[in-house]
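[1] What would the 3D arrangement of this be:
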Amino acid sequence: MKTNENHYYRMVFLAMQKLMVTAMCILIVVCCSNDVPDPQPAQTGEIKGTVKDENGNPYPSTLVSLAKGIEKNTRATNEEGAFTLVTKDIGSYDVEMALPLSTEAVSANPNKINVLGDQAATVDFVIRPKSLEAHLNFGDGNCG
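    Residues are numbered from 1 along each chain as shown. This is a model prediction of the structure:
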């Protein structure tokens, strides 16, 4: 009778072992499945443009900045007066240039630019030299 009882427990043990292996395989397949869609990546955009005077002459090294909420980005124009700013999101951005010394803006500064997904928005700044007035002071004419 002991032999039949041992045989029965051995059969139950093997059945439980097969059940555990099957359950583990199912669990691995379910957990490693890629049926869950990846979250959508954030859409980015670009703002491109130039800083030039009224005659089309470029202004290199002019700082141009964008701002939207806490996102801020600043770049200097290259030797052709061109700049490219990459945005972390789409939507409305404020774009502003720091006026070079002794210049004034002819075009709007700052500009409100709408950035669309994976597209470049364009903003071109036009500036001109400020007219300077010289004041000569020769004193009151008394030399002594």
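
[2] Not counting sequence-adjacent ones, nearest residue to the most centrally placed residue in the chain?
    Centroid-nearest residue in the chain, with CA atoms, centre = their mean: Lys88, separated by 2.6 Å. Nearest non-adjacent residue to Lys88, counting by CB to CB, 6 or more residues apart in numbering: Glu71, 5.5 Å away. Using the backbone N, CA and C atoms, a C-beta is placed for each residue, glycine as well.

[3] So the one you found sits against Asp89, correct?
    Yes - the criterion here is CB atoms under 8 Å, and Glu71 meets it with Asp89 at 6.8 Å.

[4] ok, the residue nearest to Lys88 to Asp94 distance?
    11 Å (CB to CB, to the nearest Å).

[5] repeat for Ser65
    8 Å.

[6] could you point out the longest strand in this structure?
    strand 45-53 (DSSP state E).

[7] Partner strands of the helix or strand following that strand and their direction?
    As assigned by DSSP states H and E, the chain's next helix or strand after strand 45-53 is strand 63-68. Partner strands for strand 63-68, per DSSP bridges, with pairing direction: strand 71-76 (antiparallel), strand 91-97 (antiparallel).
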